[in-house]
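Q: What shape does this take:
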Amino acid sequence: MADASALPLVILAEQFAKLPGIGMKSAQRLAYHVMEMDEADAKAFISAFEGARKKIKTCRVCLNFTDREVCPICSSPKRDRKTICVVESPKDVTAFERTKEYTGVYHVLHGLISPVEGVMPDMIHIKELIKRVSTDEVDEVIMATNPTVEGEATAMYIAKLLKPFEVKVTRLAFGLPVGGMLEYADEVTLFRALENRNEI
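A: Residues are numbered from 1 along each chain as shown. Okay, the predicted model is just below:
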């Protein structure tokens, strides 16, 4: 692409290629597609991107993405605040909400412990979870991190920290292969995993 295409188009494709799951061929197709948009669609695309970057922040309670101070889940009187589901990222909250079965609240870590990649416990939102458990009336914390080495290590680390609070800590019973990702699981699999969670 670099030989035959204008430099701005190459740069645009390289930016698309930085997105997860987008290879260079897909990135090139996206770049060409953007260039073929009419002016109104291109402006709407740019506006949506800039609007999301400027307006989206993290909920001060659960740290999920929201455009408010407190997200709709945390502010809903219908949610069970005594049950906290701990997930790696906001994408996982969306996956659980698709099941329409979970009625508790969430806590988003924004990462997993991974010493190999230089991610230590103080670099993700564990202390905020501990504070919530220590100050709120919490009966159960569901560890819903992915069934990967990092996910398991993070779940066990947090479970150990929560021991003194005498709160029930459970782990999802995954109907997924080890290494599978929550965001790609179907609603039935997620619901079964939630229903058959185990205490750790």
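
Q: how much space is there between residue 195 and residue 101?
A: The spacing between residue 195 and residue 101, counted by CB to CB, to the nearest Å, is 8 Å. C-beta: built from backbone N, CA, C; applies to glycine.

Q: Next: residue 134.
A: 28 Å.

Q: centroid residue for the protein?
A: By CA atoms, centre = their mean, the chain has its centre lying nearest to residue 89, at 1.6 Å.

Q: Neighbours of residue 173, how many?
A: Residues within reach of residue 173, counting by other CB atoms under 10 Å, total 13.

Q: give the contact list for it.
A: 192, 193, 195, 196, 197, 198 (CB atoms under 8 Å, 6 or more residues apart in numbering).

Q: Quick one: low-confidence residue ranges for the chain.
A: Within the chain, the stretches with pLDDT under 70 are 1-5, 174-179, 188, 192.

Q: ok, 50 please
A: Within the chain, the stretches with pLDDT under 50 are 1-2.

Q: just checking, residue 86 is part of a strand?
A: Yes: under DSSP: H, G, I helix; E, B strand; the rest coil, residue 86 sits within a strand.

Q: buried sites along stretch 111-126?
A: Residues 111, 112, 113, 114, 124, 125, 126 are the ones in stretch 111-126 that count as buried (16 or more other CB atoms under 10 Å).

Q: burial of the closest residue to residue 104 other than its chain neighbours, as a residue count?
A: Nearest residue to residue 104, sequence neighbours excluded (CB to CB, 6 or more residues apart in numbering): residue 83, at 3.2 Å. The local packing of residue 83 (other CB under 10 Å) involves 18 other residues.

Q: Residue 83 in helix, strand or coil?
A: strand.

Q: Quick check: it vs residue 7, distance?
A: From residue 83 across to residue 7, the span is 53 Å (CB to CB).
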